[in-house]
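>>> Starting from these lines, generate the structure:
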Amino acid sequence: MTDLDIDFVKKQFPAFSEPTLKDFAHFENAGGSYACGQMINALHHYYTATKVQPYYGFEPSVGAGMQMTNARERMASWLNVAADEVHFGASTSQNSYVVSQALREHLEVGDEVIVTDQDHEANIGVWRRLEAAGIVIREWQVNPETAELEDEGLDALLNEKTRVVAFTHCSNIVGSINPVRKWADKIHAVGALVFVDGVSYAGHGLPDVDALGVDIYFFSLYKVYGPHLGVMVMREALNKALPNQGHFFNVESATSRFTPAGPDHAQIASVNGVIDYFETIDAHHFGDSDESSSKTNRVGALLHRAEIGNLEPLLGFLKQRKGVHLIGKTVAKERAPTLSFTVDGADPADVAAKLAEQRIGIANGNCYAYRLMDALGIPPDQGVVRVSFVHYTSKEEVNRLIEALKTII
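Alright, predicted model coming up:
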């Protein structure tokens, strides 16, 4: 079984050779990852060589358009969907907002939408606003003892009036990887749509969206080594069913119907750099592999194994530390390396500040999971301590974090 070449990986990220970041340890990757060098180069090339209106018949406009088209097609290939099913927007929050406006026109009074209290607000608030149009909102609540969403909670809410269920692939607080396909099959069985927020999952390996069986899948590229851009996969059947939210004359353009405000052309082109990075990782570790698994699956498994190796000692430390209350599963293979916890007698902001003094960056607060804080009895304005890493985090950095935490908590 191939192991991740961490030295090779770090060379792909300019941040690790940036003088001002020397001795800084980045443990706030759930809020935004470092950008890979391939993406930075692609962005620089677009702005310096092709910063004109794309898709006209002159150079460099032709080149600009080709870069944008290639980005969409290559991203679609890694997600295992059609190119016309990939939409780029300014952010996941904006993409979900646009879809909610389409649903406002599409749904009828009395139709039901199920949301959770485990999600980031981007996959809750926009759907809750549909109540003003007569849509019934039902809440799939976490078990307050485990912070997990459970099958029984979903089963109790699904009925013949359910039209949409929105839930997260991986909570940005709890960290557990939810069984998307199993829940999607349940939801489709009653004729409802499945909207999944994958923002906290995609940075740990791009998903095979087709295999997940969802109707919409959202994620943000600034947490996947790229630009501040939102990706939305909308399956073709749903695209055709929902009312157009773009310019009226673009109604027949699948990729224009739900992006009424065109995102930055250069950022779309720079998505090629993100794909270049994943392909570089694949080529370095697998070469001309004849493995039956796709690039998406084998690279995802490679990254996941590396993360688990670093997650186990950190989980072990937090589990045994007196006064620490860890949220979510304590088994590394069942979760992403996003760990949230509270500490008896300590304000999360103080813990974060003390780590910052040692040049270790983490998050604190509710991290836009305000409703989850309420559900767990945690004051939302205080929130939690959150540490998060990805595959480029080294064993040495994790050990440094553990030693720092020993002195603080």
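>>> Apart from its chain neighbours, what residue comes closest to residue 300?
residue 205 (2.8 Å; C-beta to C-beta, 6 or more residues apart in numbering). Quick note: C-beta positions are derived from backbone N, CA and C, even for glycine.
>>> got it, and residue 398?
Spatial nearest neighbour of residue 398, excluding adjacent residues (C-beta to C-beta, 6+ apart): residue 310 at 4.6 Å.
>>> could you say which helix or strand contains the residue of the chain positioned farthest from its centre?
Centroid-distance maximum for the chain: residue 58 at 36.9 Å, with C-alpha atoms, centre = their mean. Under DSSP states H and E, no helix or strand contains residue 58.
>>> Offset the numbering so it begins at 59, please.
I'll keep to 59 as the first residue from here, and by that count the last item is residue 116.
>>> show me what contacts it?
By C-beta atoms under 8 Å, 6 or more residues apart in numbering, residue 116 lies in contact with nothing.
>>> wait, is the residue nearest to residue 456 part of a helix?
Yes. Residue 368 forms part of a helix when assessed by DSSP: H, G, I helix; E, B strand; the rest coil.
>>> Next one: it from residue 452, what distance?
Look at residue 368 and residue 452: by C-beta to C-beta, to the nearest Å, they are 8 Å apart.
>>> Which one's more surrounded, the two?
Taking neighbours as other C-beta atoms under 10 Å, residue 368 and residue 452 compare with residue 368 leading, 23 against 18.
>>> Run through the neighbouring helices and strands of the helix or strand hosting residue 135.
Following DSSP H and E, the helix or strand that holds residue 135 is helix 119-137. Applying 3 or more C-beta pairs under 8 Å, 6 or more residues apart in numbering; DSSP states H and E, we find helix 119-137 packed against helix 95-107, strand 144-147, helix 323-344, helix 353-378.
>>> any idea of the mean pLDDT in the second one?
If I follow you right, that is strand 144-147. For strand 144-147, mean pLDDT is 97.
>>> and what of stretch 246-256?
For stretch 246-256, mean pLDDT rounds to 98.
>>> contacts for it?
Residues lying outside stretch 246-256 but in contact with it, judged by C-beta under 8 Å, 6+ apart, are 150, 154, 157, 172, 177-178, 180-181, 216-218, 220-228, 238, 241-242, 245, 265, 270-277, 296.
>>> care to break the protein down by domain?
64-93+353-466, 100-332 (automatic domain parsing).
>>> Can I get those in TSV including distance to residue 339?
Below are the domains of the chain laid out as TSV (distance: least, C-beta to C-beta, whole Å):
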stretch	distance to residue 339
domain 64-93+353-466	6
domain 100-332	10
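>>> Mind checking these for the one nearest to residue 340?
Proximity to residue 340, assessed across those by C-beta to C-beta, is greatest for domain 64-93+353-466 (5.0 Å).
>>> first to last residue in that closest one, what's the distance?
28 Å (C-alpha to C-alpha, to the nearest Å).
>>> How far away from the center of its chain is that domain?
Relative to its parent chain, domain 64-93+353-466 has a centroid offset of 16 Å by C-alpha atoms, centre = their mean, to the nearest Å.
>>> Tell me the buried residues in the helix holding residue 135?
Of all the residues in helix 119-137, those buried under the rule 16 or more other C-beta atoms under 10 Å are 121-123, 125-126, 128-130, 132-137.
>>> Then stretch 364-377?
Residues of stretch 364-377 classed as buried: 364, 365, 366, 368, 369, 372, 373, 375, 376 (neighbour count, 16+ other C-beta under 10 Å).
>>> likewise stretch 335-350?
Neighbour count says stretch 335-350 has 335, 336, 338, 339, 340, 343, 344 buried, by 16+ other C-beta under 10 Å.
>>> and of those residues, the nearest to residue 61?
Nearest to residue 61 among the buried residues of stretch 335-350: residue 343, at 8.5 Å, using C-beta to C-beta.
>>> Isn't the closest one up against residue 360?
Yes. Using C-beta atoms under 8 Å, residue 343 makes contact with residue 360 at a distance of 5.9 Å.
>>> Spit out the residues that contact those two alike.
Common neighbours of residue 343 and residue 360 (C-beta under 8 Å, 6+ apart) are 60, 62.
>>> related to what we said a few turns ago, so which residues make contact with the helix holding residue 135?
100, 104, 107-114, 140-141, 143-144, 146, 264-268, 275, 289, 291, 313, 323, 326-330, 332-333, 336, 353-354.
>>> Just the buried subset of these, please.
100, 104, 108, 112, 141, 143-144, 146, 264-267, 275, 289, 291, 313, 323, 326-330, 332-333, 336, 353-354.
>>> So for residue 349, what's the pLDDT?
You'll see residue 349 listed with a pLDDT of 66.
>>> nearest residue to residue 339 other than its sequence neighbours?
Residue 339's closest residue in space is residue 357 (C-beta to C-beta, 6+ apart), at 5.8 Å.
>>> same deal with residue 145?
Residue 145 sits nearest to residue 290 (C-beta to C-beta, 6+ apart), 4.4 Å away.
>>> Then residue 142?
Using C-beta to C-beta, 6+ apart and skipping residues adjacent in sequence, the residue nearest residue 142 is residue 312, 4.1 Å away.
>>> Surely the one you found is in contact with residue 295?
No. Contact criterion C-beta under 8 Å: residue 312 and residue 295 do not qualify, at 11.4 Å.
>>> When these two are compared, which one has more neighbours?
In this view residue 312 and residue 295 are compared by other C-beta under 10 Å, and residue 312 has more residues nearby, 18 against 10.
>>> Fine by me, thanks again.
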